[in-house]
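Colleague: 3D, please:
(one chain, ligands or ions: 1)
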Amino acid sequence: MRPENLKTRIFLDGADPAETRQVMAALGFLDGQTTNPSLLAKNPEAKAHKVSGNKFSSTAIYDFYKALCQELSAMLPQGSISIEVYADAATTPAEMLKQARSFDTWIPNAHIKLPTTAAGLEAAAVLTGEGRRVNMTLVFSQSQAAAVYAATGGAGRGDVFLSPFIGRLDDRGENGMDLIRNILAMYAPSDGHVEVLTASVRSMAHFQCALALGSDIITAPASVLLAWAEAGKPLPRADYTYKAEGLVPIPEEVLSLNKSWQDYAIGHPLTDAGLEKFAADWNSLIDMQA
Ligand code: G3P
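Modeller: Numbers count the residues shown, from 1 in each chain. Presented below is the predicted three-dimensional model:
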(Lines give C-alpha, C1' and ligand atoms only; values in the text may rest on other atoms or scores of the structure.)
Protein backbone atom coordinates (compact mmCIF):
# COMPACT_ATOMS: atom_id res chain seq x y z
CA MET A 1 0.00 0.00 0.00
CA ARG A 2 0.94 3.61 -0.47
CA PRO A 3 2.42 5.22 2.69
CA GLU A 4 -0.22 7.46 4.24
CA ASN A 5 1.78 10.68 4.17
CA LEU A 6 3.37 10.18 0.77
CA LYS A 7 2.46 13.16 -1.45
CA THR A 8 4.96 12.49 -4.25
CA ARG A 9 3.89 10.15 -7.05
CA ILE A 10 6.28 7.26 -7.63
CA PHE A 11 7.13 6.08 -11.14
CA LEU A 12 9.33 3.25 -12.35
CA ASP A 13 12.07 4.19 -14.81
CA GLY A 14 12.37 1.18 -17.08
CA ALA A 15 11.14 -0.68 -20.14
CA ASP A 16 10.69 -4.25 -18.98
CA PRO A 17 7.12 -5.28 -18.02
CA ALA A 18 8.46 -8.12 -15.83
CA GLU A 19 10.24 -5.48 -13.75
CA THR A 20 7.04 -3.42 -13.54
CA ARG A 21 5.15 -6.45 -12.19
CA GLN A 22 7.91 -7.10 -9.64
CA VAL A 23 7.95 -3.47 -8.43
CA MET A 24 4.14 -3.29 -8.23
CA ALA A 25 4.07 -6.47 -6.16
CA ALA A 26 6.82 -5.22 -3.84
CA LEU A 27 5.41 -1.70 -3.33
CA GLY A 28 1.72 -2.50 -3.49
CA PHE A 29 1.22 0.58 -5.71
CA LEU A 30 2.87 2.40 -8.60
CA ASP A 31 1.79 5.71 -10.12
CA GLY A 32 3.36 5.46 -13.56
CA GLN A 33 6.35 4.55 -15.67
CA THR A 34 8.90 6.42 -17.73
CA THR A 35 10.66 4.86 -20.71
CA ASN A 36 13.39 6.11 -23.04
CA PRO A 37 15.46 4.69 -25.93
CA SER A 38 18.34 3.60 -23.67
CA LEU A 39 15.94 1.71 -21.40
CA LEU A 40 14.24 0.20 -24.45
CA ALA A 41 17.61 -1.08 -25.67
CA LYS A 42 18.00 -2.86 -22.31
CA ASN A 43 14.62 -4.63 -22.57
CA PRO A 44 15.43 -8.37 -22.59
CA GLU A 45 13.47 -9.02 -25.81
CA ALA A 46 14.89 -5.95 -27.56
CA LYS A 47 18.42 -7.01 -26.64
CA ALA A 48 18.03 -10.08 -28.83
CA HIS A 49 17.45 -7.67 -31.72
CA LYS A 50 20.77 -5.92 -31.27
CA VAL A 51 22.43 -8.88 -32.93
CA SER A 52 23.38 -8.34 -36.54
CA GLY A 53 20.92 -10.14 -38.80
CA ASN A 54 18.14 -9.90 -36.22
CA LYS A 55 17.67 -6.14 -35.92
CA PHE A 56 14.32 -4.36 -36.14
CA SER A 57 13.33 -2.62 -39.34
CA SER A 58 12.73 1.11 -38.90
CA THR A 59 8.98 0.42 -38.73
CA ALA A 60 9.11 -2.79 -36.63
CA ILE A 61 10.87 -0.92 -33.82
CA TYR A 62 7.78 1.26 -33.42
CA ASP A 63 5.53 -1.85 -33.37
CA PHE A 64 7.69 -3.26 -30.59
CA TYR A 65 7.63 0.01 -28.60
CA LYS A 66 3.86 0.27 -29.08
CA ALA A 67 3.22 -3.28 -27.79
CA LEU A 68 5.45 -2.57 -24.79
CA CYS A 69 3.61 0.69 -23.95
CA GLN A 70 0.25 -1.04 -24.33
CA GLU A 71 1.33 -3.75 -21.91
CA LEU A 72 2.52 -1.14 -19.39
CA SER A 73 -0.63 0.93 -19.83
CA ALA A 74 -2.83 -2.12 -19.15
CA MET A 75 -0.89 -2.69 -15.91
CA LEU A 76 -1.14 0.98 -14.88
CA PRO A 77 -4.45 2.20 -16.33
CA GLN A 78 -4.76 4.99 -13.74
CA GLY A 79 -1.12 6.02 -14.07
CA SER A 80 0.95 7.75 -16.70
CA ILE A 81 3.25 6.12 -19.24
CA SER A 82 5.97 8.31 -20.79
CA ILE A 83 6.83 7.48 -24.40
CA GLU A 84 9.86 9.20 -25.90
CA VAL A 85 10.13 10.49 -29.45
CA TYR A 86 13.20 9.62 -31.48
CA ALA A 87 15.22 12.79 -31.84
CA ASP A 88 18.73 13.71 -32.79
CA ALA A 89 20.24 17.14 -33.31
CA ALA A 90 18.68 17.37 -36.79
CA THR A 91 15.13 16.27 -35.91
CA THR A 92 12.62 18.98 -36.73
CA PRO A 93 9.57 19.99 -34.66
CA ALA A 94 7.36 18.59 -37.46
CA GLU A 95 9.06 15.18 -37.18
CA MET A 96 8.55 15.19 -33.41
CA LEU A 97 4.90 16.17 -33.81
CA LYS A 98 4.29 13.32 -36.24
CA GLN A 99 5.68 10.76 -33.77
CA ALA A 100 3.92 12.36 -30.80
CA ARG A 101 0.49 12.35 -32.43
CA SER A 102 0.96 8.71 -33.42
CA PHE A 103 2.14 7.67 -29.91
CA ASP A 104 -0.90 9.39 -28.46
CA THR A 105 -3.14 6.90 -30.29
CA TRP A 106 -1.32 3.92 -28.73
CA ILE A 107 -2.63 4.30 -25.18
CA PRO A 108 -5.02 6.63 -23.34
CA ASN A 109 -2.56 7.60 -20.60
CA ALA A 110 0.57 8.74 -22.45
CA HIS A 111 2.86 11.64 -21.68
CA ILE A 112 4.97 12.28 -24.77
CA LYS A 113 8.64 12.77 -23.95
CA LEU A 114 10.39 15.49 -25.91
CA PRO A 115 13.92 16.80 -25.52
CA THR A 116 14.28 20.23 -23.92
CA THR A 117 15.80 21.80 -27.02
CA ALA A 118 14.44 24.58 -29.22
CA ALA A 119 12.83 21.98 -31.53
CA GLY A 120 11.38 20.06 -28.58
CA LEU A 121 9.96 23.22 -27.01
CA GLU A 122 8.38 24.27 -30.28
CA ALA A 123 6.73 20.85 -30.55
CA ALA A 124 5.64 20.99 -26.89
CA ALA A 125 3.90 24.31 -27.43
CA VAL A 126 1.88 22.83 -30.31
CA LEU A 127 1.08 19.56 -28.51
CA THR A 128 -0.11 21.20 -25.30
CA GLY A 129 -2.18 23.58 -27.44
CA GLU A 130 -3.88 20.45 -28.83
CA GLY A 131 -4.62 19.31 -25.27
CA ARG A 132 -1.96 16.57 -25.29
CA ARG A 133 0.34 15.71 -22.40
CA VAL A 134 4.12 16.04 -22.53
CA ASN A 135 7.17 15.16 -20.44
CA MET A 136 10.09 17.47 -21.18
CA THR A 137 13.26 15.50 -20.72
CA LEU A 138 17.02 16.05 -20.49
CA VAL A 139 16.62 19.12 -18.28
CA PHE A 140 19.84 20.33 -16.65
CA SER A 141 19.23 23.99 -15.83
CA GLN A 142 16.74 26.31 -14.21
CA SER A 143 16.47 28.38 -17.38
CA GLN A 144 15.44 25.28 -19.35
CA ALA A 145 12.74 24.75 -16.70
CA ALA A 146 11.58 28.34 -17.13
CA ALA A 147 11.45 27.85 -20.92
CA VAL A 148 9.31 24.72 -20.49
CA TYR A 149 6.91 26.66 -18.27
CA ALA A 150 6.65 29.45 -20.83
CA ALA A 151 6.30 27.17 -23.87
CA THR A 152 3.45 25.19 -22.33
CA GLY A 153 1.44 28.05 -20.79
CA GLY A 154 -2.27 27.31 -20.66
CA ALA A 155 -1.83 23.54 -20.23
CA GLY A 156 -3.85 21.85 -17.51
CA ARG A 157 -2.29 20.73 -14.22
CA GLY A 158 -0.67 17.33 -14.70
CA ASP A 159 -0.39 17.78 -18.46
CA VAL A 160 3.27 18.82 -18.36
CA PHE A 161 6.07 16.97 -16.60
CA LEU A 162 9.58 18.38 -16.33
CA SER A 163 12.38 15.83 -15.97
CA PRO A 164 15.63 17.18 -14.52
CA PHE A 165 18.37 14.50 -14.67
CA ILE A 166 20.07 14.80 -11.30
CA GLY A 167 22.46 11.82 -11.50
CA ARG A 168 24.10 13.15 -14.65
CA LEU A 169 24.79 16.49 -12.92
CA ASP A 170 26.33 14.60 -10.01
CA ASP A 171 28.46 12.69 -12.54
CA ARG A 172 30.17 15.92 -13.47
CA GLY A 173 30.59 17.10 -9.89
CA GLU A 174 27.52 19.34 -9.52
CA ASN A 175 24.89 18.77 -6.84
CA GLY A 176 21.92 17.68 -8.98
CA MET A 177 19.55 17.82 -6.00
CA ASP A 178 20.11 21.61 -5.86
CA LEU A 179 18.53 21.88 -9.30
CA ILE A 180 15.36 20.19 -8.02
CA ARG A 181 15.26 22.56 -5.02
CA ASN A 182 15.80 25.61 -7.25
CA ILE A 183 13.16 24.64 -9.80
CA LEU A 184 10.57 23.83 -7.12
CA ALA A 185 11.23 27.25 -5.54
CA MET A 186 10.91 28.97 -8.93
CA TYR A 187 7.65 27.15 -9.72
CA ALA A 188 6.15 27.58 -6.21
CA PRO A 189 4.31 30.87 -6.95
CA SER A 190 3.33 29.73 -10.47
CA ASP A 191 0.01 28.36 -11.81
CA GLY A 192 1.28 24.80 -11.24
CA HIS A 193 0.78 23.53 -14.79
CA VAL A 194 4.29 22.03 -14.84
CA GLU A 195 5.06 19.21 -12.41
CA VAL A 196 8.62 18.37 -11.43
CA LEU A 197 9.55 14.74 -12.10
CA THR A 198 12.93 14.00 -10.53
CA ALA A 199 14.80 11.68 -12.92
CA SER A 200 18.21 10.02 -13.30
CA VAL A 201 17.87 8.86 -9.71
CA ARG A 202 20.76 6.58 -8.85
CA SER A 203 20.54 6.02 -5.10
CA MET A 204 18.29 5.86 -2.04
CA ALA A 205 19.79 9.19 -0.94
CA HIS A 206 18.57 10.82 -4.19
CA PHE A 207 15.16 9.24 -3.68
CA GLN A 208 14.84 10.36 -0.06
CA CYS A 209 16.07 13.87 -0.84
CA ALA A 210 13.55 14.25 -3.70
CA LEU A 211 10.80 13.19 -1.26
CA ALA A 212 12.06 15.65 1.35
CA LEU A 213 12.10 18.49 -1.19
CA GLY A 214 8.52 17.72 -2.23
CA SER A 215 9.14 16.76 -5.86
CA ASP A 216 5.74 16.19 -7.50
CA ILE A 217 6.93 12.91 -8.99
CA ILE A 218 10.04 10.75 -8.78
CA THR A 219 10.99 8.17 -11.37
CA ALA A 220 13.50 5.62 -10.13
CA PRO A 221 15.02 2.40 -11.38
CA ALA A 222 13.68 -0.90 -10.06
CA SER A 223 16.78 -1.39 -7.89
CA VAL A 224 15.98 1.76 -5.86
CA LEU A 225 12.23 1.06 -5.60
CA LEU A 226 12.81 -2.54 -4.53
CA ALA A 227 15.31 -1.40 -1.88
CA TRP A 228 12.76 1.16 -0.63
CA ALA A 229 10.09 -1.56 -0.43
CA GLU A 230 12.51 -3.87 1.37
CA ALA A 231 13.22 -1.12 3.94
CA GLY A 232 9.47 -0.70 4.60
CA LYS A 233 8.92 2.36 2.35
CA PRO A 234 10.37 4.90 4.83
CA LEU A 235 9.71 8.61 4.31
CA PRO A 236 12.32 11.24 5.25
CA ARG A 237 12.00 12.73 8.73
CA ALA A 238 11.44 16.48 9.12
CA ASP A 239 15.12 16.95 10.00
CA TYR A 240 16.37 15.00 6.96
CA THR A 241 19.61 16.35 5.50
CA TYR A 242 21.16 15.32 2.21
CA LYS A 243 24.91 14.81 2.18
CA ALA A 244 26.21 16.11 -1.13
CA GLU A 245 29.80 15.25 -0.35
CA GLY A 246 32.29 16.48 -2.91
CA LEU A 247 29.59 18.05 -5.11
CA VAL A 248 29.62 21.72 -6.06
CA PRO A 249 26.37 23.56 -5.15
CA ILE A 250 24.16 24.85 -7.98
CA PRO A 251 23.09 28.40 -7.03
CA GLU A 252 19.45 29.42 -7.37
CA GLU A 253 18.82 31.91 -10.19
CA VAL A 254 16.16 34.58 -10.03
CA LEU A 255 14.18 34.09 -13.23
CA SER A 256 10.84 35.51 -14.22
CA LEU A 257 8.45 32.98 -15.75
CA ASN A 258 6.74 35.60 -17.86
CA LYS A 259 8.99 35.73 -20.91
CA SER A 260 8.61 33.94 -24.25
CA TRP A 261 10.29 30.53 -24.20
CA GLN A 262 12.70 31.66 -26.93
CA ASP A 263 14.10 34.32 -24.56
CA TYR A 264 15.58 31.81 -22.09
CA ALA A 265 19.00 30.13 -22.36
CA ILE A 266 17.99 26.71 -23.63
CA GLY A 267 21.24 25.03 -24.65
CA HIS A 268 23.11 22.72 -22.30
CA PRO A 269 26.00 20.37 -23.13
CA LEU A 270 24.43 17.51 -21.15
CA THR A 271 21.20 17.89 -23.15
CA ASP A 272 23.20 17.58 -26.38
CA ALA A 273 25.16 14.57 -25.07
CA GLY A 274 21.97 12.93 -23.77
CA LEU A 275 20.22 13.38 -27.10
CA GLU A 276 23.15 11.81 -28.90
CA LYS A 277 23.19 8.80 -26.55
CA PHE A 278 19.42 8.23 -26.84
CA ALA A 279 19.65 8.37 -30.64
CA ALA A 280 22.61 5.94 -30.67
CA ASP A 281 20.78 3.46 -28.39
CA TRP A 282 17.65 3.62 -30.54
CA ASN A 283 19.68 3.17 -33.74
CA SER A 284 21.58 0.22 -32.20
CA LEU A 285 18.32 -1.75 -32.47
CA ILE A 286 17.64 -0.96 -36.11
CA ASP A 287 18.87 -2.46 -39.36
CA MET A 288 19.29 0.72 -41.40
CA GLN A 289 19.20 -1.24 -44.70
CA ALA A 290 15.83 -2.89 -43.97
O1 G3P B 1 14.78 8.96 -16.19
C2 G3P B 1 15.96 9.25 -16.83
C3 G3P B 1 16.92 8.17 -16.68
O4 G3P B 1 16.52 7.01 -17.35
C5 G3P B 1 18.31 8.54 -17.02
O6 G3P B 1 19.03 7.95 -16.02
O7 G3P B 1 20.94 6.95 -14.94
O8 G3P B 1 20.89 7.17 -17.45
O9 G3P B 1 21.18 9.17 -16.02
P10 G3P B 1 20.60 7.81 -16.11
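
Colleague: which bits of the stretch 1-150 of the chain sit near the ligand?
Modeller: The stretch 1-150 of the chain comes close to the ligand at residues 13, 34, 36, 39, as judged by C-beta under 6 Å from any ligand atom. From N, CA and C alone the C-beta is placed, and that goes for glycine too.

Colleague: Where helices are concerned, which of these count?
Modeller: Judged by DSSP state H, the subset of these located in helices is residue 39.

Colleague: ok, and the most crowded of the residues of the stretch 1-150 of the chain next to the ligand?
Modeller: residue 34 (26 neighbours; other C-beta atoms under 10 Å).

Colleague: I'd like the distance between residue 170 and residue 50.
Modeller: Using C-beta to C-beta, to the nearest Å, residue 170 is found at 28 Å from residue 50.

Colleague: Compare those two (neighbour count), which wins?
Modeller: Set side by side, residue 170 and residue 50 show more neighbours around residue 170, with 19 against 14, by other C-beta under 10 Å.

Colleague: Contacts only, for that one.
Modeller: Each residue near residue 170 by C-beta atoms under 8 Å, 6 or more residues apart in numbering is listed here: 176, 202, 247.

Colleague: Does the first one touch residue 183 like I think?
Modeller: No: with contacts defined as C-beta atoms under 8 Å, residue 176 does not count as touching residue 183, sitting 11.2 Å away.

Colleague: and for the two, which residues touch both?
Modeller: With C-beta under 8 Å, 6+ apart as the test, residue 176 and residue 183 both reach residue 164.

Colleague: returning to what we had before: among the contacts of residue 170, who's most crowded?
Modeller: Result: residue 176 is most packed of the contacts of residue 170 (other C-beta under 10 Å), 27 neighbours.

Colleague: Let me see the contact set for it.
Modeller: Per C-beta under 8 Å, 6+ apart, neighbours of residue 176: 164-170, 200, 206, 247, 250.

Colleague: In the beta-sheet assignment, what are the partners of residue 33?
Modeller: residue 12, residue 81 (DSSP bridges).

Colleague: That one contacts residue 84, correct?
Modeller: No: the pair residue 33 / residue 84 is not scored as a contact, 11.9 Å apart, by C-beta under 8 Å.

Colleague: who's in contact with residue 162?
Modeller: Counted by C-beta under 8 Å, 6+ apart, residue 162 has contacts 135-136, 139, 145, 148, 183, 194-197.

Colleague: Check residue 229 too.
Modeller: 23, 26-27.

Colleague: Closest to the ligand out of the residues of the stretch 1-150 of the chain next to the ligand?
Modeller: residue 13 (4.4 Å; C-beta to the nearest ligand atom).

Colleague: Can you tell me the closest non-neighbouring residue to that closest one?
Modeller: Setting aside the residues directly before and after it, residue 13 is nearest to residue 219 in space (C-beta to C-beta, 6 or more residues apart in numbering), at 4.3 Å.

Colleague: Double-check that neighbour against residue 195; I have them as touching.
Modeller: No: applying C-beta under 8 Å as the test, residue 219 and residue 195 come out as separate, 11.8 Å apart.

Colleague: Helices along the stretch 1-150 of the chain, start to end?
Modeller: Using DSSP state H, counting those that start in this stretch, the helices of the stretch 1-150 of the chain run over residues 17-27, 37-42, 44-47, 60-75, 93-106, 118-129, 142-151.

Colleague: packing partners for the fourth one?
Modeller: I take that to be helix 60-75. helix 17-27, strand 80-84, helix 93-106 (3 or more C-beta pairs under 8 Å, 6 or more residues apart in numbering; DSSP states H and E).

Colleague: Can you spell out which helices and strands pack onto the first one?
Modeller: Under the contact criterion of 3+ C-beta pairs under 8 Å, 6+ apart, the helices and strands touching helix 17-27 comprise strand 9-13, helix 60-75, helix 222-230.

Colleague: Residue 65: what's it in contact with?
Modeller: 35, 40, 83.

Colleague: how about a cut-off of 7 Å?
Modeller: residue 40 (C-beta atoms under 7 Å, 6 or more residues apart in numbering).

Colleague: Show me where the chain dips below the pLDDT cut-off.
Modeller: Applying pLDDT under 70 to the chain flags no residue at all.

Colleague: So which residue is smack in the middle of it?
Modeller: residue 163 (4.6 Å; C-alpha atoms, centre = their mean).

Colleague: isn't there a strand covering it?
Modeller: Yes: under DSSP: H, G, I helix; E, B strand; the rest coil, residue 163 falls within a strand.
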